[in-house]
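Q: Next one to model:
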Amino acid sequence: TGSGPYQKKGTFELLDAIVDGEPPSLSSSEFAADMCHFVELCLKKDHSERPDSVSLGSHVFIETHREFPCKEWLSTLPLA
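A: Numbers count the residues shown, from 1 in each chain. Prediction:
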């Protein structure tokens, strides 16, 4: 989307949003359902609800994109 979910918040607003607010999510109208689900799982606040790394590594989103050249793609991005 080009901007962070808490980009316009001050320090204390940011802390409050992270601790007390709902986790950010991806828009299902802009991103694939599998990606939205994967991010939702990764951002579960309650660690007992969050899958472990093995489960996340076998998620359909990861399996579908396992061969994507991530390292090469990241090297094309401008540094902030």
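
Q: for the chain, which residue is closest to the average position?
A: V39 (4.0 Å; C-alpha atoms, centre = their mean).

Q: In terms of helices and strands, where is it?
A: Applying DSSP states H and E as the criterion places V39 in helix 33-42.

Q: what's that helix packed up against?
A: Secondary-structure packing of helix 33-42 (3 or more C-beta pairs under 8 Å, 6 or more residues apart in numbering; DSSP states H and E): helix 53-57, helix 60-64. For glycine as for every other residue, the C-beta is placed from the backbone atoms N, C-alpha and C.

Q: Distance from stretch 39-52 to the middle of the chain?
A: Distance of stretch 39-52 from the chain centroid (C-alpha atoms, centre = their mean, to the nearest Å) equals 11 Å.

Q: and it, how far apart are its ends?
A: Start-to-end span of stretch 39-52 (C-alpha to C-alpha, to the nearest Å) is 13 Å.

Q: Can you give the contact residues for it?
A: P23, P24, S25, L26, L56, H59 (C-beta atoms under 8 Å, 6 or more residues apart in numbering).

Q: Check whether S29 sits in a helix, strand or coil.
A: Secondary structure for S29, judged by DSSP: H, G, I helix; E, B strand; the rest coil, is coil.

Q: mind checking how far it is from C36?
A: 10 Å (C-beta to C-beta, to the nearest Å).
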